[in-house]
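Undergrad: no sequence on this one, just coordinates:
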């Protein structure tokens, strides 16, 4: 089993910044793509930004130039630096990680519990 522990959400004014952190722990043999998704009230969960173990990024158009995803493979952690925040960025942000628990196992996807980000105008 794998757990993802998120931190760093909160309330910020428009134009401000926040940094989200997510650390994976448990039965981890290999970590693949890690990243962030978000879900606003009444909307579907959507991709924010992901980063492969080889450093390839995939960012949503709505956050390009404002958000930066990064990871520390030694710490099994992924981060999301959010700058120039807008009220429309308000959502619950979820960490996601793709994990193999052994050399002969398949990739499994795990989710964090979510952290609230609220941007006031």
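TA: Yep, it's here. Since the model is a prediction, treat every value here as computed from it, not as a measurement.

Undergrad: Read off the pLDDT value for the closest residue to residue 121 other than its chain neighbours.
TA: Excluding the flanking residues, the one nearest residue 121 by C-beta to C-beta, 6 or more residues apart in numbering is residue 87, at 4.8 Å. Yep, even glycine has a C-beta here, placed from its N, CA and C like the rest. At residue 87, the pLDDT value in this model is 97.

Undergrad: I figured residue 87 hits residue 16, correct?
TA: No. Using C-beta atoms under 8 Å, residue 87 is not in contact with residue 16, being 11.3 Å away.

Undergrad: if we can go back for a sec, may I have the phi/psi pair for the residue nearest to residue 121?
TA: When read as degrees, to the nearest 10, the backbone of residue 87 gives phi -60, psi -30.

Undergrad: what's the answer for residue 63, then?
TA: The phi/psi pair for residue 63 (degrees, to the nearest 10) is phi -120, psi 0.

Undergrad: What residues does the one residue sitting closest to the centre of the chain make contact with?
TA: Nearest to the geometric centre of the chain sits residue 36, at 2.4 Å (C-alpha atoms, centre = their mean). Contact partners of residue 36, counting by C-beta atoms under 8 Å, 6 or more residues apart in numbering, are 20, 22, 48-50, 69, 78, 80, 93-96.
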